[in-house]
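K.L.:
Pasted the sequence and its predicted model underneath.
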Amino acid sequence: MESDLTHKYIELNMGPQHPSTHGVLRLKLTLDGETVKKVEPVIGYLHRNAEKICELDFYCDALIYFDRMDYVGAMNMEVGYLEAAEKLLNIEPPERVKWIRVIMAELNRIASHLVWAGAFGLDLGMLTPFFYVFEEREKVLNLFTEICGSRQETNYMSIGGVYQDFNDKIIYRIKEFLDEFPKKLEEIYNLFVKNDVFISRTKNIGILEPEVALSYGVTGPMLRASGVPYDVRKDEPYLVYDKVNFTVPISRKKDVLARFIVRFEEMRQSVKIVKQALEKLPDGPYFNPKARKSLMIRLRGEGDVFARTESTKGEFGVYIVGDGSVKPYRVHVRSPAFKNLSVLPYLSRDVLIADMVAISGSIDLVFGEVDR
Amino acid sequence: MNLLTRIATILSFLGHYPAYILAYIIETLIVIIFATVVVAGMVYFFRKYMARVQMRIGPNRVGKFGILQVMADGLKLIQKESIMPQGRDDLPYKVAPLIIFIALIMGFIFIPYGPLAWLGTLTVTHSDVSLVILFALIAIMPIGELLSGIVSNNKYAVLGSLRGVAKDVSFEVPMMLSVLAIVMMASARNASPLDLNGIVQAQNIPFAILEPLGFFVFLISMAARASYSPFDMGESDSELVTGNTTEYSGLRFGMFYLGLFGTIFLGSMILSTLYLGGYNGPFVNYVGFIWLLIKTLVIVVISLTIWLSMPRVRIDKFVSFGWKYLLPISFINLVLTGFLVLGGIS
Amino acid sequence: MIEVKEVEEPKRIPILGSIGGMYTVFKHLFQKPVTVQYPEEKENQGDRFRFRIYLSTDDCVGCTLCEQVCPNLTITMVSLDKENPRNKRKIYPSVNFGTCTVCRNCEEICPTDAIYLKDVFETARTKNSFFYSPTDLEKNEDEVRR
């Protein structure tokens, strides 16, 4: 069978250095002319051993490695790790911190989805929207610089608190951004979905049935675009997501276009969440005194915990085992992009190369997270 | 009075025939220089326009406003080592970029440039069939595209040229049919409908108003000919690396690059000549050439905006679009034109 | 019960929608570019922006907490011959900026605030010269040898 394939079909390597494979994905394609017969994703080019390194450091230090997993949605990674670590170390963050974390996570969700939309446009050959989304994202990152002191890998949150508190100027600037952003978002959205060629490239492409999606472990916007209303923020609320009012967008069209629309609707919901959170933001301390700075390296945890959060890509799970020392015994990460990638060979059987690129673009791959 | 006789009068001390031969050569050289400058300017204009549309600044380091950037890039490409793949078919590999570039530059010779002040009419060729020659030259360019893909021993390049050929086949028939409608329209008013100059003179009403369908078909065909974004299947930037030009580097790549931008400009010029009345406009005897340039520039801006705002069409969709929509539309256009001509539109 | 909103595909008119997109793109021609021409103009970095690590050797007590908390061995303690009654062991942190991730843990944990970060970020170096000795960390960026 194998030798038969090589003689009859073209074998083509896409990546790891290729303009359409986000980061360092390598796809081994077996082509019959333009039609893709088989896709074999090869990963591991960005493997940095993050899980193992986390075992060698204190609980507070592991955060920078989580920042670098999903580097476009770093805040969500921090939230995910801290959910687990705080449960293990028995440190409850103050109420104000929870709201601040929600605000940061949702702002970062906006930034991450914007980057995805731009990159997806580039995959399909749209040059210009990329710059518009990056300009909007830049505004979010400027907010982060204002709040956290750095742009992308912020290391903003710490165990039992956040790095520095919100002040009036920051709240004013976030509100300013939220007032302008929806208009810009609609402009970018219309630039994509009103375009006939864009619709023809995405509609009825890469149909992912909900049963298949569930059996592959697909989560996040991809699953919701297949019509399954599963969102950890609603199903198992963490932080204060049960106190804010938002809806979970789903679509029953199951195709690439549905994934696009669901992600844009999620951005609108994020704007809604941040607005509510800014109104409800309570006063109080911004860190738990049990985890104050001088005790940073003396936190000890025992037992094992698993915490799941809704990152920008899907369900992000963190499993930590502590053996009573100051360092974790084992850290494991359930990365959503990795699980979502596993469905690519199924989706891109007997499609054209152009469709394959659109499908792999719609998964929202960030290779820091897939390879860890 | 035209440019040819102007030059010949200046050179008249050589005798009648040598003066005219020399004048022809000089005029052709002028046009070739014009074409090269225009193509380079086109690259600069594209980069600047793209940058401003994307809220960037664009080239601004080399020379004032970055005007010399194109020259710097050209020098860089010239002195770069041309890396050639092993297992290539040597002669076609080297000839392919030349075919595209030469066909493009020669295309500029047949455009009726119109009169400009003291210089008179700038048209170089006074052939009666310049329309036919022009489209024959344009039809040569796909050969370069095809050759470059299949001989460079690269799977991406082969796939790119396969797509390019499929694209070329599907739009050229509708394009020629819409040109045929132009010829019909011109023949009702003019004795020499195959001469581009005659077509321009026949347009006291621009043909774009008389045949909007033909204009639409021709616009799409010219976009597909130049192969920029909605129709850049040959290149397919994000899928096939750069398609048929994947294995080219140095000056040969530069030729493909200039060929792309030159084709956009040439296509816009042909479009404004055939459909927008060419050099016609107020004070035609003094500034006709300027009118042509203005019209061309408008078309270029429209083309670049299309380029920058559209994703790539999937190749099978474009082929079916070409045969299922463009071809019937161009036939309908032909029939409608027939009615107009019979109805005595002239 | 989860609040679910089924998103609809947008209504659009063929061709006109694309032309609207083209118009949006064209409209941006008249907007101001957002590019910051870096060496000539510099963006305002915000109050909390931090990058370069500074050290005050007079305050440092040589407790090695910063070395312990540093996630990736950026900070290593080196001995330095300096009279400081509070620093009996005469060891001070040195920083390899090639690996620094600016996590600011050292600043937070330092008991005497001897190690702190400032918003200086132009620390470009040639390869293998990212290592800053304790005396280098005291100086300003332009005084450090390249």
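P.N.:
That came through, no problem.
K.L.:
where does the chain have low pLDDT?
P.N.:
This is for chain A. Applying pLDDT under 70 to chain A flags residues A:1-7, A:20-21.
K.L.:
Let me rephrase: I mean chain C.
P.N.:
Flagging of chain C using pLDDT under 70 yields the residue ranges C:1-2, C:145-146.
K.L.:
which residue does it bring closest to chain B?
P.N.:
Nearest residue of chain C to chain B (C-beta to the nearest C-beta) works out as C:Val25 at 4.3 Å. Using the backbone N, CA and C atoms, a C-beta is placed for each residue, glycine as well.
K.L.:
Quick check, that residue in contact with B:Val53.
P.N.:
Yes - between C:Val25 and B:Val53 there is a contact under C-beta atoms under 8 Å: 5.6 Å.
K.L.:
about what we covered before: could you report the separation of the residue of chain C closest to chain B from B:Lys48?
P.N.:
15 Å (C-beta to C-beta, to the nearest Å).
K.L.:
So if I had to pick from those two, which one is more boxed in?
P.N.:
Remark: of C:Val25 and B:Lys48, C:Val25 carries more neighbours, 24 against 19, as counted by other C-beta atoms under 10 Å in any protein chain shown.
K.L.:
Who are the contact partners of the closest residue to C:Thr99 other than its chain neighbours?
P.N.:
The shortest distance from C:Thr99 to any non-neighbouring residue, by C-beta to C-beta, 6 or more residues apart in numbering or on different chains, is to C:Thr74 (4.8 Å). Residues in contact with C:Thr74, defined by C-beta atoms under 8 Å, 6 or more residues apart in numbering or on different chains, are C:95-97, C:99-101.
K.L.:
what about 7 Å?
P.N.:
C:95-96, C:99-100 (C-beta atoms under 7 Å, 6 or more residues apart in numbering or on different chains).
K.L.:
Also A:Leu278?
P.N.:
Contacts of A:Leu278 (C-beta under 7 Å, 6+ apart): A:103, A:171, A:174-175.
K.L.:
one more time with 10 Å
P.N.:
Neighbour list for A:Leu278: A:99, A:103, A:166, A:171-172, A:174-175, A:178 [criterion: C-beta atoms under 10 Å, 6 or more residues apart in numbering or on different chains].
K.L.:
and of those residues, the nearest to chain B?
P.N.:
Lowest distance from chain B to the contacts of A:Leu278 (C-beta to the nearest C-beta) belongs to A:Leu178, with 21.2 Å.
K.L.:
show me where the chain has strands.
P.N.:
I'll assume chain A. A:10-14, A:26-32, A:35-42, A:157-158, A:161-162, A:248-250, A:302-310, A:315-323, A:328-334, A:351-352 (DSSP state E).
K.L.:
ah, no, chain C please
P.N.:
C:4-6, C:52-55, C:75-79, C:91-96, C:115-118, C:131-132.
K.L.:
helices or strands next to the last one in the packing?
P.N.:
Spelled out, that is strand C:131-132. strand C:52-55, strand C:91-96 (3 or more C-beta pairs under 10 Å, 6 or more residues apart in numbering or on different chains; DSSP states H and E).
K.L.:
ok, now with 7 Å
P.N.:
Here strand C:131-132 touches strand C:91-96, going by 3 or more C-beta pairs under 7 Å, 6 or more residues apart in numbering or on different chains; DSSP states H and E.
K.L.:
which outside residues touch the strand it packs on?
P.N.:
Contacts for strand C:91-96 (C-beta under 7 Å, 6+ apart): C:53, C:55, C:57, C:60, C:62, C:66-67, C:74-80, C:115, C:130-134, C:137.
K.L.:
Next, name the residue at the spatial heart of chain C.
P.N.:
C:Phe51 (3.4 Å; C-alpha atoms, centre = their mean).
K.L.:
which ones are touching it?
P.N.:
Counting by C-beta under 7 Å, 6+ apart, C:Phe51 has contacts C:102, C:117, C:119-121.
K.L.:
List buried residues within those residues.
P.N.:
C:102, C:117 (16 or more other C-beta atoms under 10 Å in any protein chain shown).
K.L.:
Out of the contacts of C:Phe51, which two sit at the greatest distance?
P.N.:
With distances taken as C-beta to C-beta, the most widely separated pair in these is C:Val102 and C:Val120, at 11.8 Å.
K.L.:
Can you tell me how far B:Pro311 is from B:Tyr286?
P.N.:
B:Pro311 is 44 Å from B:Tyr286, by C-beta to C-beta.
K.L.:
Could you check which of those two is surrounded by more residues?
P.N.:
B:Pro311 (28 against 12).
K.L.:
got the contact list for the closest residue to chain C within chain B?
P.N.:
Chain C sits closest to B:Ser309 of chain B, with a gap of 4.3 Å, by C-beta to the nearest C-beta. By C-beta under 7 Å, 6+ apart, B:Ser309 lies in contact with A:128, C:21-22, C:25.
K.L.:
With adjacent residues omitted, what lies nearest to it?
P.N.:
That would be C:Val25: by C-beta to C-beta, 6+ apart, it lies 4.3 Å from B:Ser309.
K.L.:
tally of neighbours for residue 110?
P.N.:
Since you didn't name a chain, this refers to chain A. 25.
K.L.:
That was the other one, I meant chain B.
P.N.:
B:Phe110 has 26 nearby residues by other C-beta under 10 Å.
K.L.:
so it touches B:Asp128, yeah?
P.N.:
No - when contacts are counted by C-beta atoms under 7 Å, B:Phe110 is not listed as touching B:Asp128 (11.9 Å).
K.L.:
and C:Arg12, what is it in contact with?
P.N.:
Listed by C-beta under 7 Å, 6+ apart, the contact set of C:Arg12 reads A:Lys194.
K.L.:
So what's the residue count around A:Glu315?
P.N.:
23.
K.L.:
What's the separation between it and chain C?
P.N.:
As judged by C-beta to the nearest C-beta, to the nearest Å, A:Glu315 and chain C stand 15 Å apart.
K.L.:
before we move on, back to that, of the contacts of B:Ser309, just the buried ones, PyMOL syntax please.
P.N.:
This is the PyMOL syntax for the buried subset of these, where burial follows 16+ other C-beta under 10 Å:
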select buried, (chain A and resi 128) or (chain C and resi 21+22+25)
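K.L.:
now, among the contacts of B:Ser309, which is nearest to C:Glu108?
P.N.:
Relative to C:Glu108, the closest of those is A:Thr128; by C-beta to C-beta it sits at 42.9 Å.
K.L.:
got the CA positions of stretch B:311-320 in PDB?
P.N.:
C-alpha atoms of stretch B:311-320 as PDB (Å, rounded to 0.1, in the frame of the first residue of the first chain):
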ATOM      1  CA  PRO B 311      -8.700  36.400  -1.100                       C
ATOM      2  CA  ARG B 312      -7.600  34.000  -3.700                       C
ATOM      3  CA  VAL B 313     -10.200  32.200  -5.700                       C
ATOM      4  CA  ARG B 314     -10.000  28.400  -5.700                       C
ATOM      5  CA  ILE B 315      -8.800  27.200  -9.000                       C
ATOM      6  CA  ASP B 316     -11.700  24.800  -9.800                       C
ATOM      7  CA  LYS B 317     -14.100  27.600  -8.900                       C
ATOM      8  CA  PHE B 318     -12.400  30.000 -11.200                       C
ATOM      9  CA  VAL B 319     -12.400  27.500 -14.100                       C
ATOM     10  CA  SER B 320     -16.100  26.900 -13.700                       C
END
